[in-house]
Every structure is written in C-alpha cells, then in structure tokens.
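[1] Turn this into a structure:
(chains A and B)
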Amino acid sequence: MKAREELMVPKADVRTYYDRPVLKAPVWKWYIPAYFFTGGLAGASSVLGLGAQLTGRRALRRASRVAAFAGIGASAGLLVVDLGRPSRFHNMLRVLKVTSPMSVGSWLLAAYGPAAGVAAVPEITGWFPRLGAVAGVAAGVLGPAVTTYTAVLVSDTAIPAWHEAHAQLPYVFAGGAAATAGGLAAMCTPAAEAGPARRLALMGAALELGATQLMEERLGEAGAPYHEGEAGRLTKLSKMLVGAGAVAIAVGRKRRTPAVVGGGLLVAGALAERMAVFHAGKQSARDPAAVVAPQRRRLAAGRTPTGI
Amino acid sequence: MTIFQPPVDPAARAGYTDHPRRMGFFTDTSICIGCKACEVACKEWNGVPDDGLNFLGQSYDNTGELGANTWRHVAFIEQQVPADGGGDIRWLMSSDVCKHCTSAACLEVCPTGSLIRTEFGTVIVQQDICNGCGYCVPACPFGVIDKRHDDGRVWKCTLCYDRITDGLQPACASACPTKSIQFGALDDLREHAANRVEELHAQRVDAARLYGHDESDGVGGMGAFFLLLDDPEVYRLPPDPVSTTRDLPAMWRSAAKAAGVLAAAAIAAFVR
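    All right, here's what the predicted structure looks like:
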C-alpha cells in the first residue's frame, strides 16, 4: 500500500495489533469488477432491446440484443475464471440461498442468460424470430435486476467502504449500466433510430455521477478510499470520462461521430467506476483504523460494549 | 434477566432436531503463556500447510494473523505499564481462533452451501463442495477465513469436527498446558467465564473483560469467546463486530428501487 493511501483516516486514537488489517481483503481479481461491468451492460441492453422491440426499431433492437448476449456471456465467463475451482462452477446452482446475493445472482443469471441468448439468435442467424421476441421480453424484464444485484453482492461484506454504501451503490451500478448500454447502442445504431439509446445514456450518466457523489458524501470517513490511491485515481478518471461522454452525446445530437466518441467514453467511464469501487473495497479492508474507529464510535454512542 | 432466556440454538435453527449441546471454546488469555502449542497441535492434527518461515518483528509473533493456513494464532503484545512510560513492560498473549458465530456471515453469504452449521453449532467448510468463489473472505467481520491460493478453496478452523464427533477435545485445547484454551458446552463455558472474570476483578485485575460471550452482540454471540485484559482491537479483534447480512433486507430494497429507476429511465427514453 502506498503511503498516501494510509494518511486519510485519522488514526489518532485507534489502537491496532501492529497495524495489521482486521479484515481480509477480497481475494477477487480484476475479473470480478469486469463481471459487474459486463453484467450491467447486458442487463441494461436487454431493457433497451425490449423498448426497441416494442417500438419497432429494428437496428436498435439488433444492437441491444447482441450486446446483451455478448455482455452476459463475458460476465459468466469472468465469474467462472475467478473461481478457485472453476470446474466446480455448477455448485453455484446446488442450492438457493436468499442470504447469499451470489446465490440469488447465480439463479438470476441462470434465468436471464438463456433468455438473452435466445433473444440474440434471430439477430445473428435470422432464425426463430418469434421465440426471440418472447425471450426478448423475458430478458428485458429481468435486465434491471441483473444490473443492480451485484451492488448488493459487494455491500453484503464486512468492508466499510462497501457495506456502508449499500443505499447508494445500486444506483451507481444501475446508472453505469444504463450509460454503458445506451452509449454502446448509440455507437452501433444509425442515428435515426438511436434516440432512445442516447437519452438512456444521458440519464444513466447523470444517475451514475449523481449517485457516486451522494455515496461519497454519505459515506463520510468510510468513503476515504474512494479518494485515495488506485481507487481515487479511477474515481476521478471515471467522472471525467462519463462527464465528457455525456457532453459529446448531448451536444452531438444526431451526428454520428460524437455518438461514437461519446458512447466510447461512457463505456470506458462505467468500467473505470466499477474498478474504482473494487479497489476502494480492497483499500478499505486493508485499513484497520477504518474498521475499528466506527465500531468504537458505535459503542461510545450507546450499544453496551462486549465486555464488562 | 438473561438467565431466564434460553440461549440461541444455531444447530436447531439450521434444522437439526436431535442434536448434541452447542460446543465451543473459552480462551482465557489471562493464563496464556504464549507457548504456541495450540498453533503446532492444530497444524499437526489438521494437516494445515506451512504458512511461511517469517520474521515479522512483532514481538514473539512470527505467525502474523489467522488465515487459510493458520487456524490458531498466538498474539504477543508488549505494553508499558503505566502507558506514559517509566513502568514495567507487561505482556499480553492470546490465542485467536475462528469465532464460530451464532450469526455467521461467511456461512450466510456462501452461494454453494459449502459452509455449513454442524450439529454442534459450529461452522465448517465442506471441502468437496467449495468452488473457491471467495465471497466468505470479505464477509467475515474478524478476517478469519481465507483462500489457499495453490488449492483454490477456502479454509478455516473446524473446531476439530472429526475429533469432537468422536468425543475428543479439539487438538489445540488438548495441547494447551495452562488450560487457557478450554473446550466444552458453550453454556457451561459462559458460566465458568463469568465466574473467572469476577475472580479476577476481586484480585484487582480490573481490565479483565469477556469478549464474544454476549448473545446481543452483532454476531449473536460467538461459539469461541475470550477473556481479554485490554480492548479487543489491541488483539486484532473488532470491538463491535456485526454480521453484514443483518442489513440484507435494506440492501435488497435499495437494489429493487434502483432497478425500478433504471426501468423508468428506459421507458422515459422511449416515450419522450
């Protein structure tokens, strides 16, 4: 850990055991934030695809359904690759546990993934358009949940920078997913049909930026990792990319080049945001003071300490 | 009035109808001599791999902390008494272990059902099920469970499930020469621990306090609890641990609302 990461949480009165972390940092590799990102892209793309399906925008429907299929395929692949025993992936569907967001998420993906896949079949091969339409509805209905359950997944840990953000993080992820799906569809769809994609991208960008801001404010001290080190750099980068992408799409309106540039910036920005959240959690877990100080305050504020 | 309240029975909650009493550890750190026999016995019995031959510069502790390959860990703390200097050095020694929480976050977040509650109320990993997703690792409020990187699965103290099933004590408790580590039925241990604290207070050891004995704490009480001589964080124990799943309903509500906002945004994008 770099020196500047260690400075922000006031450590004055916090006692530790040789400054060792109290928590174990996640063992997850970059695959996991990438799994969040691609899952978000897929879920929001299916929502966009359903809208296009219902309003008869064929090019937008095609781009969205293909993006959803590619996204969820990548997402599932990334999740498997991160496992310590990838060959036991199917154990994810051994039980359904409501207390485990990863279990609920696995079942959600088991329903959503095939739907997104079947919806993409007519777009790629031209076969089974009616089945594709049914699957497109199913994927579009499940899509929003696919974008936000991963926020519950990270919040349901002991890590302060994740757990304490549980009220805002789903909005950050939903906004990022909408910006990504809208941005990508705006890049890949003729401008005449891409209006809803551009509007979804702009609303997503606003939600992502706004929710991130609110999260940082509400977190207070627990949010320090979002301003420090790798997470701090990625948060800043993400805000710049998303802001610039939104401006490009808003100002460019129906022109092709700004849509491509803006869409690309939004996609990159949302990816950076997921990576920022990932690193913030790692940094938060490594800091014993960030774990002990709020617990001490909680005890001081009234809960009787464990002890006499 | 807690004495009239029946203790929480995690084994019954997990579905065992006819089960033995809840078993656990009481680690009385006031009589720990830091011999590390518990660390060695645990490794020997459970075949826990080498966790490195390190020099950590932490007093006599060259183990560091609990982890995938360290299921008992003896902490060494050197303190000046009084703290403003001039006095003697006092030593605090404490053998840390998995807490086998009543409300165990590791078990609750495990997506495969690999982590289970045993009939003794303890928490173990079924190694033939674990797929190494790593979710339990950041969920544990004590930083206990961890992934073995060469193996890919997660590991932690089993409270010697194999031994206690056969009526034996866990290896660490058997090896402890001072009875600092005591194994038994949890309610007996709690009663004994309360008496021990009273005894120490009568001897003017005012700093003696129990940690993890209280069922009203954030993890519903610990199956392995401690008598400490200083604040928990001094021993690398969180002062007010909370099982993260306590807030799960609020988390799902936020996620559902955010999903609704996304759906509404999409509708707005199409209808204009």
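[2] which ones are touching the residue in chain B positioned nearest to chain A?
    Here chain B gets closest to chain A at one residue, B:Gly132, 2.0 Å apart by CB to the nearest CB. Bear in mind the C-beta positions are built from the backbone N, C-alpha and C, glycine included. Counting by CB atoms under 8 Å, 6 or more residues apart in numbering or on different chains, B:Gly132 makes contact with A:Leu83, A:Gly84, A:Arg85, A:Arg88, B:Lys147, B:Gly152, B:Arg153, B:Val154.
[3] Show me just the buried residues among the residues you listed.
    Among the contacts of B:Gly132, those buried by neighbour count (16 or more other CB atoms under 10 Å in any protein chain shown) are A:Leu83, A:Gly84, A:Arg88, B:Lys147, B:Gly152, B:Arg153, B:Val154.
[4] Contact partners for B:Ala75?
    Contacts of B:Ala75 (CB under 8 Å, 6+ apart): A:Tyr17, B:Asp61, B:Leu92, B:Met93, B:Ser94, B:Ser95, B:Asp96, B:Tyr235, B:Arg236.
[5] Of those residues, just say which sits nearest to A:Leu78.
    B:Arg236 (33.2 Å; CB to CB).
[6] List the contacts of the closest one.
    B:Arg236 neighbours (CB under 8 Å, 6+ apart): A:Thr16, A:Tyr17, A:Arg20, A:Val22, A:Pro288, B:Glu65, B:Ala75, B:Asp96, B:Gly143.
[7] if we go to 7 Å?
    A:Tyr17, A:Arg20, A:Val22, B:Glu65, B:Ala75 (CB atoms under 7 Å, 6 or more residues apart in numbering or on different chains).
[8] Quick one: the residues you listed as a markdown table, columns for secondary structure and pLDDT too.
    Converted to a markdown table, the contacts of B:Arg236 look like this (DSSP: H, G, I helix; E, B strand; the rest coil; pLDDT from 0 to 100):
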| residue | secondary structure | pLDDT |
| --- | --- | --- |
| A:Tyr17 | coil | 97 |
| A:Arg20 | coil | 97 |
| A:Val22 | coil | 98 |
| B:Glu65 | coil | 96 |
| B:Ala75 | strand | 98 |
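[9] Could you give me the ChimeraX syntax to select whichever of those are buried?
    Provided next is the ChimeraX selection string for whichever of the contacts of B:Arg236 are buried by 16+ other CB under 10 Å:
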select /A:17,20,22 /B:65,75
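[10] hmm, which two among the contacts of B:Arg236 are most spread apart?
    A:Val22 and B:Ala75 (12.6 Å).
[11] from the contacts of B:Ala75, which ones fall inside strands?
    With DSSP state E as the criterion, strands contain B:Leu92, B:Met93, B:Ser94, B:Ser95, B:Asp96 from among the contacts of B:Ala75.
[12] What count of nearby residues applies to the fourth one?
    What that stands for is B:Ser95. 26 (other CB atoms under 10 Å in any protein chain shown).
[13] Now do the contacts for it.
    Residues in contact with B:Ser95 (CB under 7 Å, 6+ apart) are B:Thr27, B:Cys32, B:Cys38, B:Arg72, B:Val74, B:Ser180, B:Ile181.
[14] Let me know the closest of the residues you listed to B:Gln169.
    With CB to CB as the yardstick, the closest approach to B:Gln169 among the contacts of B:Ser95 comes from B:Ile181, at 9.1 Å.
[15] mind putting the contacts of B:Ala75 in a markdown table, distance to A:Gly73 included?
    Shown next, in a markdown table, are the contacts of B:Ala75 (distance: CB to CB, whole Å):
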| residue | distance to A:Gly73 |
| --- | --- |
| A:Tyr17 | 45 |
| B:Asp61 | 47 |
| B:Leu92 | 54 |
| B:Met93 | 53 |
| B:Ser94 | 50 |
| B:Ser95 | 48 |
| B:Asp96 | 44 |
| B:Tyr235 | 47 |
| B:Arg236 | 42 |
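[16] now, which of those sits nearest A:Thr147?
    Taking CB to CB as the measure, B:Arg236 is the one of the contacts of B:Ala75 closest to A:Thr147, at 37.4 Å.
[17] how near is that closest one to B:Cys32?
    15 Å (CB to CB, to the nearest Å).
[18] Go through the chain and flag its longest helix.
    You didn't say which chain, so I picked chain A. Longest among the helix segments of chain A by residue count, using DSSP state H, is helix A:256-286.
[19] oops, chain B please
    As assigned by DSSP H, the longest helix anywhere in chain B is helix B:248-271.
[20] which other helices and strands contact that one?
    If contacts are counted by 3 or more CB pairs under 7 Å, 6 or more residues apart in numbering or on different chains; DSSP states H and E, helix B:248-271 sits against helix A:31-55, helix A:129-155, helix A:169-188, helix A:195-219.
[21] Spell out whether the helix or strand just after the last one and chain B are in contact.
    Just to be clear, that refers to helix A:195-219. The helix or strand immediately downstream of helix A:195-219 is helix A:229-252, counting by DSSP states H and E. No: judged by CB under 7 Å from any CB of the partner chain, helix A:229-252 and chain B are separated, with a smallest distance of 12.3 Å.
[22] my guess is B:Thr245 meets A:Asp156, correct?
    Yes: using CB atoms under 7 Å, B:Thr245 is in contact with A:Asp156, at 6.3 Å.
[23] Of the contacts of B:Ala75, which is the nearest to A:Val267?
    Nearest to A:Val267 among these, with distances taken as CB to CB, is B:Arg236, at 41.8 Å.
[24] Tell me, what's the model's pLDDT at that closest one?
    On pLDDT, B:Arg236 comes in at 97.
[25] For burial, what's the neighbour tally of B:Gly67?
    Neighbours of B:Gly67 using other CB under 10 Å come to 21.
[26] Name the nearest residue to it, ignoring sequence neighbours.
    Using CB to CB, 6 or more residues apart in numbering or on different chains and skipping the chain neighbours, the partner closest in space to B:Gly67 is B:Asp146 (4.5 Å).
[27] Contacts only, for the one you found.
    Contacts of B:Asp146 (CB under 7 Å, 6+ apart): A:Lys24, B:Gly67, B:Ala68, B:Val137, B:Val154.
[28] what residues are up against the third one?
    Looking back up the chat, that one is B:Ala68. Contacts of B:Ala68 by CB under 7 Å, 6+ apart are B:Asp146, B:Lys147, B:Arg148, B:Val154, B:Trp155.
[29] Stretch A:146-166 and chain B, are they touching?
    Yes: interface with chain B: stretch A:146-166 contributes A:Thr147, A:Thr148, A:Tyr149, A:Ala151, A:Val152, A:Ser155, A:Asp156, A:Thr157, A:Ala158, A:Ile159, A:His163, A:His166 (CB under 7 Å from any CB).
[30] Quick check: the farthest pair among those?
    A:Thr147 and A:Ala158 (24.4 Å).
[31] which one among the residues of stretch A:146-166 next to chain B gets closest to A:Val261?
    A:Thr147 (24.1 Å).
[32] got a list of what the closest one touches?
    Counted by CB under 7 Å, 6+ apart, A:Thr147 has contacts A:Gly40, A:Gly43, A:Ala44, A:Phe173, A:Ala174, A:Ala177, B:Ala259, B:Leu262.
[33] looking at this, B:Phe183 is in a helix?
    No: counting by DSSP: H, G, I helix; E, B strand; the rest coil, B:Phe183 is located in no helix; its state is strand.
[34] Got phi/psi on the nearest residue to it once chain neighbours are set aside?
    Counting by CB to CB, 6+ apart, B:Phe183 lies nearest to B:Ala173, which is 3.9 Å off, once chain neighbours are set aside. Phi and psi for B:Ala173, reported as degrees, to the nearest 10, are phi -70, psi -40.
[35] Could I get the contacting residues of B:Ala173?
    Contacts of B:Ala173 were listed using CB under 7 Å, 6+ apart, and they are B:Phe25, B:Ile181, B:Gln182, B:Phe183.
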